[in-house]
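# Structure for this input, please:
(2 chains)
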Amino acid sequence: MKRIPLFVILFSALLSFWLASCENTKAPSSVPVPGYLQINVTTSFNGQPFNLNQTYTNIQNYRLQVQSLAFLMHQFFAKNANGDVIEIEDAMRYDRSAGAVSAFTFGMAPGNYQGISFAIGIDSVLNHSDPALLAADHPFSYNISNDLHWGWSTGYIFLKMEGFSDTSGTGTGPFDHAFLYHIGVDELFRRFDFYSNDFTIKSNQTTTLTIDLDVAKMFCNGVDTIDLKTENNTQSSGNMPLARQFVSVYEDAFSVY
Amino acid sequence: MFFYNKYFTVFFLLSAVFACTVKNADSDTGFLVVIPPGFDSMDVPADNQLTEARITLGKRLFFDPILSGNYSVSCATCHRPEFAFADNKKLSTGASGKEGKANTPSLANVGYIENLMKEGGVHTLEIQVVAPVEEHAEMNLDINEAVERIKKKPVYLWMSFKAYGRKPDHYVVTRALSAFERTLVSGNSVYDRWINNGEGVSAEIKRGKDLFFSDSLACASCHSGFLFTSQEFENNGLYDTFPGNGRERITHTTEDIGKFRVPSLRNVDVTAPYMHDGSLSTLRDVISHYASGGKNHPNKSEKIKGFQLSEGDMQALEAFLLSLTDEDFLKNPNFRVKK
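Take a look at the predicted model:
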């Protein structure tokens, strides 16, 4: 009987072990194929499409035209069925002058989710950091959001709305009352939790959610009203009472569906 | 071989051109920072350590009107070397023809200032340098436009790579300007040489120093330390009602209305007019204001109680303040550009 050399036996054993190992690594993965969540950020006025420089009438029967509306959104979270909160995106900018809808898509694990949350504004750490350190395509960089950064005081304008109003109440008066709301500073950072707006992510499919800001509700939340005749100018610093009031009103102006 | 030769020749010629350009730019600098005796070491951000290339780029930008909307003013238009990088106007006029909102502060020793701007709302030079560029009443130029302009100038492209290893962008512009400003260290006045080296000064200056540091005048309770500023925010009783809110704009507390950062007194003789709004013309006006005890604003500093001075003591105090002028700093060729 011909003897098989020892090194051939050892080599064969190692080869078998290696092949078996490769087979194991090629075994079907249990990690599910991700799906996608698309978030559309929109603005409306009493449920109707909102356009810059279009005339609207608010609850006080004042006519108004918004010339600019932009805001910075930070720290998007989703809460899964187990109650775990997952960060899905860090930073976004919505600017109505760039279009009616800003859409963002994130890859997410399939499953049921209780809802999302986000902030209007920037947390105090990033708010006081140097925009020049951010990548050029970061939503809060000088390249993209320089118009929403205060130079004299490190920090961002979280939300900016400017325009003119006709406060005569007749519906035919001149648009001679300017309004300007520049909301910033740390204490006006606000989180918005919509954890009762459940949704499902399916593999290779896109689920769409819309975050809408109703501009009409920025002036009246059913409890408090911003009077465009007298409460029409704050750059936060210099008129913090109005800035706080304005924020407390627009806290009810966002919805998710 | 032809390919190699052709491109080698082009590269060689371009290198020679840029080398000449940079040599000319560098020839104005050739220095870093010397910390004077008695001064603390300066905190410099890790990503913006001072190098000759960075300082040279920052200096060039500082003196270049490219940073103003209509190319009419540079940083140095208001921050003039001969006035310790302040100017001699109550309020300066910017590129747009608008008058500024505050008296131009001196940049001498600005690398030591912890809370920049008169309200103290900015904490690094790298962030602060954007403010005057964009301010409508100052240089009136969007920082993005400034960067685009700088990118288009080959000399800046070259200097940027040399200084920071990248094309000009916001990072480079803000860092380079800050690097240059950190070199504006002033600590070689008559007073410094007297204290540090024992050089002789007049009896009047000595008397003025005693008055300055006396409990009765209490000047040094705010103008303290090697910079002659506590860097705190004080309401000095200049007005009953302040037209600007000062520190309150940052803190949003009424107790801070009318408070502004205590300025350094180094080179104070050449930085007239005085106060945050330039409303007092002379050092004597300033001393008289404090002697009077100031207006009765509810936030007025408790340190301002008023005092009486003879004419001789007034002159002695003025002489002491004049001894804080650093002539070497004002005339330093490293802080100027060749015309």
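# gap between residue A:120 and residue B:252?
19 Å (C-beta to C-beta, to the nearest Å). Any C-beta I mention is one placed from the backbone N, CA and C, and that applies to glycine too.
# neighbour-wise, which of the two wins?
residue A:120 (23 against 18; other C-beta atoms under 10 Å in any protein chain shown).
# Name the residues linked to the more buried one by a beta bridge.
residue A:73, residue A:190 (DSSP bridges).
# Just to check, it is in contact with residue A:190?
Yes - at 5.3 Å, residue A:120 and residue A:190 qualify as touching, with contact defined as C-beta atoms under 8 Å.
# Chain A contacts on chain B?
B:117, B:119, B:121-124, B:126-127, B:130-135, B:142-144, B:147, B:169-171, B:174-175, B:245, B:248-250, B:252 (C-beta under 8 Å from any C-beta of the partner chain).
# So which of the residues you listed are in helices?
B:126-127, B:130-134, B:143-144, B:147, B:170-171, B:174-175, B:248-250 (DSSP state H).
# Please name the residues that touch the residue nearest the centre of chain A.
Taking C-alpha atoms, centre = their mean, the centroid of chain A lies closest to residue A:73, which sits 3.9 Å from it. By C-beta atoms under 8 Å, 6 or more residues apart in numbering or on different chains, residue A:73 lies in contact with A:41, A:91-94, A:118-120.
# pLDDT at the closest residue to residue B:151 other than its chain neighbours, what is it?
Distances taken as C-beta to C-beta, 6 or more residues apart in numbering or on different chains place residue B:168 nearest to residue B:151, at 5.0 Å, with adjacent residues excluded. pLDDT recorded at residue B:168 is 97.
# gap between residue B:168 and chain A?
12 Å (C-beta to the nearest C-beta, to the nearest Å).
# Assess the claim that residue B:75 and residue B:67 are in contact.
Yes - the pair residue B:75 / residue B:67 is scored as a contact, 6.8 Å apart, by C-beta under 8 Å.
# list the residues that contact both of these two?
Going by C-beta under 8 Å, 6+ apart, residues that sit against residue B:75 and also against residue B:67 are B:61, B:139.
# In terms of helices and strands, where is residue B:72?
Using DSSP states H and E, residue B:72 maps to neither a helix nor a strand.
# Quick check: residue A:213 is in a helix.
No - going by DSSP: H, G, I helix; E, B strand; the rest coil, the assignment for residue A:213 is strand, not a helix.
# Okay, and the beta partners of it?
Here residue A:213, judged by DSSP bridges, has bridge partners residue A:43, residue A:254.
# separation between the residue of the stretch 201-339 of chain B found nearest chain A and residue B:136?
Taking C-beta to the nearest C-beta as the measure, the stretch 201-339 of chain B has residue B:249 as its residue closest to chain A, at 4.3 Å. Between residue B:249 and residue B:136 the computed distance is 17 Å (C-beta to C-beta).
# If you count surrounding residues, which of the two has more?
residue B:249 (23 against 13).
# Go ahead and confirm the more buried one touches residue A:238.
Yes - contact between residue B:249 and residue A:238 holds when scored by C-beta under 8 Å: they sit 6.4 Å apart.
# and the residue of the stretch 201-339 of chain B closest to chain A, what pLDDT?
pLDDT, residue B:249: 90.
# show me the contacts for residue B:296.
B:237, B:240.
# Equivalent analysis for residue B:309, please.
Taking C-beta under 8 Å, 6+ apart, one finds B:211, B:217, B:287, B:291, B:317 in contact with residue B:309.
# okay, now residue 168: neighbour count?
Here I'm looking at chain A. By other C-beta under 10 Å, 16 other residues sit near residue A:168.
# Can you look at chain B instead?
Residue B:168, neighbours per other C-beta under 10 Å, totals 26.
# Distance-wise, check it relative to residue B:322.
Counting by C-beta to C-beta, the gap from residue B:168 to residue B:322 is 42 Å.
# buried residues in stretch A:45-58?
Neighbour-count burial for stretch A:45-58, counted by 16 or more other C-beta atoms under 10 Å in any protein chain shown, picks out A:45, A:50, A:56, A:58.
# can I get the CA coordinates of it in PDB?
Only the C-alpha atoms of stretch A:45-58 are listed here, as PDB (Å, rounded to 0.1, in the frame of the first residue of the first chain):
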ATOM      1  CA  PHE A  45     -51.000  78.600   4.600                       C
ATOM      2  CA  ASN A  46     -54.100  77.300   6.200                       C
ATOM      3  CA  GLY A  47     -53.600  74.100   4.300                       C
ATOM      4  CA  GLN A  48     -53.100  75.700   1.000                       C
ATOM      5  CA  PRO A  49     -49.800  75.900  -0.900                       C
ATOM      6  CA  PHE A  50     -47.700  78.700   0.400                       C
ATOM      7  CA  ASN A  51     -45.800  81.000  -2.000                       C
ATOM      8  CA  LEU A  52     -43.500  83.900  -1.300                       C
ATOM      9  CA  ASN A  53     -44.800  87.400  -2.200                       C
ATOM     10  CA  GLN A  54     -48.300  86.100  -2.500                       C
ATOM     11  CA  THR A  55     -51.000  87.900  -0.500                       C
ATOM     12  CA  TYR A  56     -52.600  86.000   2.300                       C
ATOM     13  CA  THR A  57     -55.000  87.200   5.000                       C
ATOM     14  CA  ASN A  58     -54.400  86.200   8.600                       C
END
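# could you point out which element follows the lowest-mean-pLDDT helix or strand in chain B?
Least confident helix or strand of chain B, by mean pLDDT, DSSP states H and E, is helix B:2-26 with a mean of 40. Counting by DSSP H and E, the next helix or strand C-terminal to helix B:2-26 is helix B:52-62.
# what is the mean pLDDT for that next one?
97.
# Show residues contacting the helix or strand just after that helix.
Per DSSP H and E, the first helix or strand lying C-terminal to helix B:52-62 is helix B:75-78. Residues from elsewhere that reach helix B:75-78 (C-beta under 8 Å, 6+ apart): B:61-63, B:65, B:67, B:86-87, B:92, B:100, B:104, B:132, B:138-139, B:177.
# Buried residues in helix B:75-78, which are they?
B:75-78.
# And it, how far out from the chain middle?
10 Å (C-alpha atoms, centre = their mean, to the nearest Å).
# wait, what's in contact with residue B:219?
Going by C-beta under 8 Å, 6+ apart, residue B:219 touches B:211-213, B:290.
# and if we set it to 7 Å?
residue B:212 (C-beta atoms under 7 Å, 6 or more residues apart in numbering or on different chains).
# For it, what are phi and psi?
Per-residue torsions, residue B:219: phi -60, psi -40 (degrees, to the nearest 10).
# Now do it against residue B:213, distance only.
7 Å.
# Can you name every helix or strand that the helix or strand that residue B:289 is a member of contacts?
With secondary structure defined by DSSP H and E, residue B:289 is part of helix B:283-292. When contacts are defined as 3 or more C-beta pairs under 7 Å, 6 or more residues apart in numbering or on different chains; DSSP states H and E, helix B:283-292 packs onto helix B:311-322.
# quick revisit: could you work out the most separated pair of the buried residues of stretch A:45-58?
A:50 and A:58 (12.6 Å; C-beta to C-beta).
# thinking again about what came up before, got the contact list for the nearest residue to the residue of the stretch 201-339 of chain B closest to chain A once chain neighbours are set aside?
Spatial nearest neighbour of residue B:249, chain neighbours left out: residue A:237 (4.3 Å); criterion: C-beta to C-beta, 6+ apart. By C-beta under 7 Å, 6+ apart, the contact set of residue A:237 is A:153, A:185, B:249, B:252.
# Bridge partners for residue A:237, pull those for me.
residue A:235.
# Fine by me, we can end here.
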